[in-house]
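Participant: Below: sequence and its predicted model.
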Amino acid sequence: MKIVVTGGAGFVGSHVAERFSRSNQVVVCDNLSRSKTLQNATINSSYGRDYLERKNSKIEFHNVDIRNQKRFGDLTKSADVIIHTAGQVAVRASVLNPREDFEVNALGTINVLETARLNDSITVFCSTNKLYGENVNTIPVKEGPKRYSFDDPLYEKGIPENFPVDRTGHSPYGASKLAADIYVQEYAHTYGLKTGVFRMSCIYGERQFGVEDQGWLSWFAIATLTGRPITIFGDGKQVRDTLYVSDLVDAFDNFVNSKIRHAVFNIGGGPENTLSLLELLDILHKMTGKETEVSFSDWRPSDQRVYISDIRKVQQTLGWKPRIAPEDGIKRVVNWVRENRQLFN
C-alpha cells in the first residue's frame, strides 16, 4: 500500500512512518515548522526526518505544507491510506495566533480530506481530548494530596465518545481541532470515506521534543535531566491518562487493516495509566536522583483538572489495549534524553 503520513517528521508521525514503512511504500509530508510555530529554537524540527532517513532510506520525504492544497494533492495521488498527524498542537500558540491555528488545523485538514476523497484513501485523523473543553470540568472531582480524581461513578471508566463538546470554552486550539474532527466524520457520512478519528489524551515517548507549552511528560523529563526550571500552570494535581506512542500506532494499524468503515475513538492509557504532574515529578526524581526547580502560575485557558479516556470502545472494536505501563514508558523517555543529551543544549 501507499501510505501518506502528514507531519511525518514529527513525534507521532515519525513513529507512524517507521512502523508502516516495514511493509508499505511510505510518503512523508512535513514542513518542519514546529520550532518556528512554538517560537522555540531548542526544538530540532529535522530530527524525525533525519532519524527516518537513517532507519529506512526508502521513505520518501517532501517538505510541504498541508495548507498548500495543490502541491500536497500532487504529491499524494493514488494514496491508499493517509494518516494525518500534522497540526498546530499548542494551546498557547493558538491563543497568540488563532488564524494560523485555524488555517493549519481546520483548513489543512480539509485539504487532506479532499485528497482522500479524490483517491478514496483510508484516512486516520489525530484529534484531541481538548475538543471536550471545559465541559469536562463540570464533573465533580475529589482533591487528594497530589492529584484530582473524578467524583462521579458515571465516569469511573473515563470520558466516553458521546460526551458533550458544545456550549463551553475550548481554547482556539480545541475549537480548530473540533472543526477538523467534525469534517473528518462528515466526509465519511457524505462521501463514504473510511475514516478513523482518534481523540488522543497524553501521548508520549522517544523523539518527542516536549516544551513548556506542549508535550508535558517529555518536557518534564528533558527539564529534569538538563537542570532547567519547570513552571506548572495550575497546582500540579491535574491528571491525564498517558499512552506510549507505540501503543497508539498499534491502534492506527488495527483500524487501517479492519473492515470498519468509520469510527470515533477516545484513546489514551485509560483509568489504569494515569498520572498527575506532581506524581510525574516524583517518578523522575526517583529515576534520576535530580531535584527540579518548580514554580507555579495561572491555569491555562480551558484546562481540564482531570481527563481520562474511556477506552472501552477502542478496545472492543479494534481488539486493542495499552501495553506499555507509565513507569516503563517514562524510563524509555529518560534513557532517550540521556543518550541524546547534545540535542537539548
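Facilitator: Thanks, I have it.
Participant: mind listing the strands for the stretch 151-300 of the chain?
Facilitator: 195-200, 202-204, 230-233, 239-244, 262-267, 274-276, 294-297 (DSSP state E, counting those that start in this stretch).
Participant: May I have the third one as PDB, with CA atoms only?
Facilitator: It stands for strand 230-233. Taking C-alpha atoms only, strand 230-233 is exported to PDB below (Å, rounded to 0.1, in the frame of the first residue of the first chain):
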ATOM      1  CA  ILE A 230       9.700  23.900  35.300                       C
ATOM      2  CA  THR A 231       6.600  26.100  35.500                       C
ATOM      3  CA  ILE A 232       3.400  24.300  36.400                       C
ATOM      4  CA  PHE A 233       0.200  26.100  35.100                       C
END
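Participant: Can you say which of the strands of the stretch 151-300 of the chain is nearest to H189?
Facilitator: strand 262-267 (7.5 Å; Cβ to Cβ). Bear in mind the C-beta positions are built from the backbone N, C-alpha and C, glycine included.
Participant: Could I get the average pLDDT for that closest one?
Facilitator: Throughout strand 262-267, pLDDT has a mean value of 98.
Participant: need the longest helix for this protein.
Facilitator: Across the chain, the longest stretch assigned as helix under DSSP state H is helix 171-191.
Participant: elements contacting that one?
Facilitator: In terms of contacts (3 or more Cβ pairs under 8 Å, 6 or more residues apart in numbering; DSSP states H and E), helix 171-191 is packed against helix 91-96, helix 98-102, helix 108-119, strand 122-128, strand 195-200, strand 262-267.
Participant: would you turn these into JSON lines with mean neighbour count?
Facilitator: Shown next, in JSON lines, are the helices and strands packed on helix 171-191 (neighbours: other Cβ atoms under 10 Å):
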{"stretch": "helix 91-96", "mean neighbour count": "19"}
{"stretch": "helix 98-102", "mean neighbour count": "17"}
{"stretch": "helix 108-119", "mean neighbour count": "21"}
{"stretch": "strand 122-128", "mean neighbour count": "25"}
{"stretch": "strand 195-200", "mean neighbour count": "25"}
{"stretch": "strand 262-267", "mean neighbour count": "22"}
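Participant: Make CSV out of the ones you listed and add distance to R49.
Facilitator: Converted to CSV, the helices and strands packed on helix 171-191 look like this (distance: least, Cβ to Cβ, whole Å):
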stretch, distance to R49
helix 91-96, 21
helix 98-102, 22
helix 108-119, 19
strand 122-128, 18
strand 195-200, 22
strand 262-267, 26
